[in-house]
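A.B. asks: Sequence isn't available, so here's the structure alone:
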C-alpha cells in the first residue's frame, strides 16, 4: 500500500534543516562555531503556540520519529506507534518536533560532517557532546521555530534523560516532562556495557583512530559487535527465550563456530544491518553522552536539589522486565521529585520485552500516555 | 455532593486546608480530587491497579504505581502532614507494618476500616456458621481482598500496644450516619470506623 494512505499514519513527511551561526559553547570546553540541526515536524502549531511537543530520540535514533519519507518507503519513523492522527501523541491536536542530536550521523552536525575549517570529515576530532549541549542546541531550534514554551518534552531511554535535562536547565520552557524508561545517571554496569561496545569499535583495525572515511573503509566488525552487545541489553531474558529459545537454524548441532542457534543469527543480522546505517564515531560519542549524564553532579550530587530547579509536571514510566534502566532507576527520580515537592505521576508497566518495551504499543502504557496527553491538550486549549 | 461518599466528607472535615498528604490505595483519586478542590491540599496517591492509575492521570491527580506491601521506602520520615488509608489496611499483607510506616511518614494518619465486630457479622458466623457477607463486606471468603479483617477493639488494642494515639474516632453505619446504637456500643453496631491518629502521645 502507498505510504500516504496507510491507516493511522501521518503519511509522507519531509525532513527540514536549519544552520545555526551562533557559536555553541560545549560542556567539554570546545566551541562549535556553526552547526546544522535536521528535524521533522508533524501537525500544526496553533495560533497561541501552546501545542508544541518536543520528542527526544534515544541512542541510535534520529529525527525521523513518524511517517514515511516516500510512497515506496517500507519502514516508518521509530515511534510511529505513538505519533500520528488519533495516537497518544496526536498530530491532530499537537505540533510535534523531533530533531536529530548533535554528534549524530543522520544529518545534524556530527563526526561524518565536513569540518569547514579543514574541508575534511570531523571524524574523531568532533568534540564530545553532552545531553546538556543537546538541550542548548534544541533551544536554539525552538527559538527558530517561534515556540516560547513546549507543552511537553518527551523521550524514552537516553531521550528521557534529555527531557529531564530540559526540565532542569530550562525550567520556564516546558510545562510537562515525560521521561520513559530512563535513569538519573548510568550505573557502573551500564557504563561497563558501553565501554565494551566502545572497545569493540576502537580495537577494529579498520577504525584507523576514527579516520576511516579517508580510507574508504568502515570498522564493520567493531560496530557490529557493539550493536550485538547493545541488543542483548535491550531485550529481557524472558523475551529472548520466547523469541529464540535454543532453536537451531539447521535443526541439528554441527559442533562448529558457525551460526547455529537462532539467537546468533538474529544478533548477527541486527549487527550487520546497523553497520550500513550508523557511524562508528557517532556510536562512541552517544555512549559517552550517556555515561556523562548526571544532572545531580552540578548540585552536590543531590538529585532532589537538581530537580528543585524544575517548574514543570512529570510523568515517569518504567517497564518491569527492563534491566538496562530498571523501574528502580525511575523510582530514584520519583523519590527525588517527591522530596523536591514536584508534581509527578509514575507507572510501572508489566511488560516482558525488556528496555525495548518503551517503543511497543502496550495497551496500559498507551492508555496512560493518552490520559496524560489529554490533560496537556486541555491545558493547551486544543 | 450527591455522589460523594459520606466517609470522604468526614475525612475532609479533619483536614487542615493547604496541607500535604499521601493517600495510600487512592483508587480512582476521588478523595484526592475532593481535597484538592475543597481543601487546597497537595499530595500524591499510591495505587496498584492500572485502571485506577489511568483514572487518576485523567483527573490530574499525581499518582504513583507502588505496591504498599513493600512499605513506603521512597518517602522521608515526617515528610507529609497526613497519610490516609481508606478501606485499604485490611487488604494488606502486613497491616501493622504499614500502619507504622504511615505514621513514620505522616505527622498524622487517617484510617478507615470495616468493623468485623458488627452485629450482623457476629450473627452470621455465630448462628449460621458461615463467613459474614454484608454491605461493607460484599465478597465471598475465597475471593475477598480483605485478608486481615479486624474489629474496632482489635484495631484499638493494636494502637495501644504500638504506642499510637487515637486523636479522633468516628464510627458510622454503611450510609455513614452515626445512629444511637453506635454511640452506645460502637464495636457491635458500627459498620465502618474512621480514625485520626499519631505516633506517640498526643501533643
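C.D. replies: Arrived safely, thanks for sending. This structure is a prediction, so every number in the text was calculated from the model and none was measured.
A.B. asks: drop to CA atoms for contacts and neighbour counts, all remaining ones
C.D. replies: OK.
A.B. asks: Spit out the contact partners of residue 27.
C.D. replies: As the question left the chain open, I've gone with chain A. Contacts for residue A:27 were tallied using C-alpha atoms under 8 Å, 6 or more residues apart in numbering or on different chains; they are A:129, A:130, A:132, A:133.
A.B. asks: Let me rephrase: I mean chain B.
C.D. replies: B:47, B:49, B:52, B:53, B:56.
A.B. asks: Just the element for the fourth one, please.
C.D. replies: Which is residue B:53. Under the criterion DSSP states H and E, the helix or strand holding residue B:53 is helix B:50-58.
A.B. asks: Show the backbone phi and psi for the most centrally placed residue in chain A.
C.D. replies: Centre of chain A computed as the mean C-alpha position; nearest residue by C-alpha atoms, centre = their mean is residue A:58, 1.2 Å away. Main-chain torsions, residue A:58, degrees, to the nearest 10: phi -90, psi -170.
A.B. asks: re the thing from before, inside helices: which ones of the contacts of residue A:27?
C.D. replies: Of the contacts of residue A:27, the ones assigned to helices by DSSP state H are A:132, A:133.
A.B. asks: Can you say which of the contacts of residue A:27 are buried?
C.D. replies: The neighbour-count criterion (16 or more other C-alpha atoms under 10 Å in any protein chain shown) marks A:129, A:130, A:132, A:133 among those as buried.
A.B. asks: will you turn these into CSV that also has pLDDT and distance to residue B:108?
C.D. replies: Compiled in CSV, the buried ones among the contacts of residue A:27 are given as follows (pLDDT from 0 to 100; distance: C-alpha to C-alpha, whole Å):
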residue, pLDDT, distance to residue B:108
A:129, 98, 49
A:130, 98, 45
A:132, 98, 42
A:133, 98, 45
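A.B. asks: between these, which is closest to chain B?
C.D. replies: Distances from chain B to those, taken as C-alpha to the nearest C-alpha, are shortest for residue A:132 (27.6 Å).
A.B. asks: Isn't that closest one up against residue A:164?
C.D. replies: No: contact criterion C-alpha atoms under 8 Å: residue A:132 and residue A:164 do not qualify, at 10.1 Å.
A.B. asks: ok, then the element right after the lowest-mean-pLDDT helix or strand in chain A?
C.D. replies: Taking mean pLDDT, DSSP states H and E as the measure, chain A has helix A:237-243 as its least confident helix or strand, at a mean of 91. Per DSSP H and E, the first helix or strand lying C-terminal to helix A:237-243 is helix A:262-275.
A.B. asks: elements contacting that following helix?
C.D. replies: Here helix A:262-275 touches helix A:220-234, going by 3 or more C-alpha pairs under 8 Å, 6 or more residues apart in numbering or on different chains; DSSP states H and E.
A.B. asks: Tell me what angle the helix it packs on forms with helix A:262-275.
C.D. replies: With axes from the mean of the first three to the mean of the last three C-alpha atoms, to 10 degrees applied, the angle from helix A:220-234 to helix A:262-275 works out at 120 degrees.
A.B. asks: pLDDT of helix A:220-234, averaged?
C.D. replies: Regarding helix A:220-234, the rounded mean pLDDT is 96.
A.B. asks: now residue A:182: how far from residue A:226?
C.D. replies: Residue A:182 sits 21 Å away from residue A:226 when distances are taken as C-alpha to C-alpha, to the nearest Å.
A.B. asks: what about those two, which has more around it?
C.D. replies: Neighbours were counted for residue A:182 and for residue A:226 using other C-alpha atoms under 10 Å in any protein chain shown; residue A:182 has more, 30 against 26.
A.B. asks: The biggest helix by length in chain A to helix B:50-58, inter-axis angle?
C.D. replies: Across chain A, the helix with the greatest residue count (assigned by DSSP H) is helix A:363-380. Here helix A:363-380 points in a direction 10 degrees away from that of helix B:50-58 (the same axes, to 10 degrees).
A.B. asks: Please spell out which residues along helix A:363-380 are buried.
C.D. replies: Judged by neighbour count (16+ other C-alpha under 10 Å), helix A:363-380 contains these buried residues: A:364-374, A:376-377, A:380.
A.B. asks: again, but for stretch A:121-135
C.D. replies: Of the residues in stretch A:121-135, those scored as buried under the neighbour-count criterion (16+ other C-alpha under 10 Å) are A:121-124, A:126-135.
A.B. asks: do stretch A:210-227 as well
C.D. replies: For stretch A:210-227, a neighbour-count test (16+ other C-alpha under 10 Å) marks A:210-212, A:218-227 as buried.
A.B. asks: Off-centre distance for that stretch?
C.D. replies: 22 Å (C-alpha atoms, centre = their mean, to the nearest Å).
A.B. asks: ok so, going back, pick out the most distant pair among the contacts of residue A:27.
C.D. replies: A:129 and A:132 (8.1 Å; C-alpha to C-alpha).
A.B. asks: Packing partners of the lowest-mean-pLDDT helix or strand in chain B?
C.D. replies: With mean pLDDT, DSSP H and E as the measure, the helix or strand of chain B carrying the lowest mean pLDDT is helix B:180-184 (a mean of 82). Secondary-structure packing of helix B:180-184 (3+ C-alpha pairs under 8 Å, 6+ apart): strand B:164-172, helix B:186-189.
A.B. asks: neighbouring contacts of that helix?
C.D. replies: Here helix B:180-184 has contacts from B:171, B:172, B:173, B:188, B:189, B:190, using C-alpha under 8 Å, 6+ apart.
A.B. asks: got it, and stretch A:143-155?
C.D. replies: Outside stretch A:143-155, the residues within contact range by C-alpha under 8 Å, 6+ apart are A:49-58, A:142, A:160-163, A:166, A:172-180, A:376, A:380.
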